[in-house]
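Novice: Okay, here's the prediction I keep looking at, along with the sequence it came from:
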Amino acid sequence: MRFAASQQPTLTPTHIGAISAFVAHDIAYASLSEAQKLDIYLPAREGPYPVIVYVHGGAFKFGDKKENEATKAFSFLLAAGYALVSINYRLSGEAKFPAQIEDVKAAVRWLRAHATDYHFDAQHFGAWGASAGGHLVALLGTSAGVAELEGAYLGNADQASNVQAVVDWYGPTDFLQMDAHVLQNAVCSAAYATHNNPDSPESELMGAPIQTIPEIVRTANPIAYVNQHNPPFLLQHGTADCIVPPLQSQLLYDALLPMLGTERAALVYLSGAKHADKVFPQEANMQLVVQFFDKHLR
């Protein structure tokens, strides 16, 4: 791997599974919060690299870019020649919505601003996230150009924050319907219908019980921004998910399909899979993810 003398990125050889790679940890993409940092993983081959931005889950209130099940699956994308960037963002205990999507967009803009430094292909960015991270990448994908969610004050406002493909694993979409969707799933107990509670992850994210501020909550719904210019989406959801009911992905798919068509919008249900099920990062499923990104980012 060769870099010009003026570029000087700090990269360390590492292994992700059996895959050789280079990594740079804890790079600040903005300066407002200690949370605004990212890790860069580069494949051990010559660039330029298409980029996959990974956004971790954790109910919007916990989780970390280094500590999640999906990091075990990074090797499949690195082996396919993608650069992988895992980001942290402000959690709900620190800042309320829209801080989280502002951070994700700021990270994408920072990556484009530093594309030459790391041999990124700035025209081919994908986003992938799980649970709360799935929500954020879906919102990233649909809300390109929405100034209220951009967070331009965080830096690199001259760079685009759009992406060219999105993989959303079991992310929520319409917070206001989550409890109703739980009750419609025969495999789920009514005890899981807690999303309307004042201390639910969604209420904590939005700063008030969600049913008391429906218009504000709708600004966090990726479906609100769906249009014909959205990038291709692959949605994956377990049918036995009682934390984020699968109807949440169905709603987004139903909105995307008329705009994008079957070539650019796909919904895959994993039969019997629960929330954050171990089947998602396994090889068979990751091959579907790699194939999707190959189709739309190559």
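Specialist: Cool, the structure landed.

Novice: Give me the secondary structure label for the closest residue to K65 other than its chain neighbours.
Specialist: The shortest distance from K65 to any non-neighbouring residue, by C-beta to C-beta, 6 or more residues apart in numbering, is to S86 (4.0 Å). Placement of C-beta: from N, CA and C, glycine included. Using DSSP: H, G, I helix; E, B strand; the rest coil, the structure places S86 in strand.

Novice: if I pick S86, what's in contact with it?
Specialist: S86 makes contact with L38, D39, Y41, Y54, H56, K65, K66, T71, F74, according to C-beta atoms under 8 Å, 6 or more residues apart in numbering.

Novice: what's the answer for K105, then?
Specialist: L140, L149, E150, G151, S161.

Novice: swap the cut-off to 10 Å and go again
Specialist: Each residue near K105 by C-beta atoms under 10 Å, 6 or more residues apart in numbering is listed here: 98, 136, 139-140, 143-144, 146, 149-152, 154, 156, 159-163.

Novice: Could you dump the contacts of S86 into CSV and include distance to A132, secondary structure and neighbour count?
Specialist: Shown next, in CSV, are these (distance: C-beta to C-beta, whole Å; DSSP: H, G, I helix; E, B strand; the rest coil; neighbours: other C-beta atoms under 10 Å):
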residue, distance to A132, secondary structure, neighbour count
L38, 17, strand, 23
D39, 18, strand, 19
Y41, 21, strand, 26
Y54, 13, strand, 26
H56, 8, coil, 24
K65, 13, coil, 21
K66, 16, coil, 12
T71, 16, helix, 20
F74, 19, helix, 24
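
Novice: Identify the residue with the minimum pLDDT among these.
Specialist: Among the contacts of S86, T71 carries the lowest pLDDT, at 78.

Novice: Kindly provide the distance from that residue to T14.
Specialist: Using C-beta to C-beta, to the nearest Å, we find T71 at a distance of 12 Å from T14.

Novice: Find the residues that touch each one of the two.
Specialist: Residues within reach of T71 and of T14 at once, by C-beta under 10 Å, 6+ apart, are Y41.

Novice: buried subset of the contacts of K105?
Specialist: When those are checked for burial by 16 or more other C-beta atoms under 10 Å, the buried set is 98, 136, 139-140, 143-144, 146, 149-151, 154, 156, 159, 161-163.

Novice: Give me the residue ranges of the chain where confidence is low.
Specialist: Within the chain, the ranges that satisfy pLDDT under 70 run 1-9, 68-69.

Novice: Strands of that one, start to end?
Specialist: 12-16, 19-28, 37-43, 49-55, 83-87, 120-130, 165-169, 233-238, 265-270 (DSSP state E).

Novice: Kindly reformat these as TSV and extend each row with distance to D277.
Specialist: Converted to TSV, these look like this (distance: least, C-beta to C-beta, whole Å):
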stretch	distance to D277
strand 12-16	21
strand 19-28	23
strand 37-43	24
strand 49-55	18
strand 83-87	20
strand 120-130	10
strand 165-169	10
strand 233-238	5
strand 265-270	7
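
Novice: who wins for proximity to T194 among those strands?
Specialist: Ranking the strands of the chain by proximity to T194 (C-beta to C-beta) places strand 233-238 first, at 18.7 Å.

Novice: what packs against the closest one?
Specialist: Other helices and strands packing on strand 233-238, by 3 or more C-beta pairs under 10 Å, 6 or more residues apart in numbering; DSSP states H and E, are strand 120-130, helix 132-142, strand 165-169, helix 247-260, strand 265-270, helix 283-297.

Novice: Please identify which of the contacts of S86 is nearest to D26.
Specialist: Among the contacts of S86, D39 lies closest to D26 (C-beta to C-beta), at 6.9 Å.

Novice: So what pairs up with the closest one in the strands?
Specialist: As for beta bridges, D39 partners with S86 under DSSP bridges.

Novice: Let me see the contact set for it.
Specialist: D39 neighbours (C-beta under 10 Å, 6+ apart): 23-27, 54, 65-66, 71, 74, 84-88.

Novice: any idea how far E94 is from it?
Specialist: 20 Å.

Novice: Same question for P50.
Specialist: 31 Å.

Novice: Look at those two and report which has more neighbours.
Specialist: Remark: of P50 and E94, P50 carries more neighbours, 24 against 13, as counted by other C-beta atoms under 10 Å.
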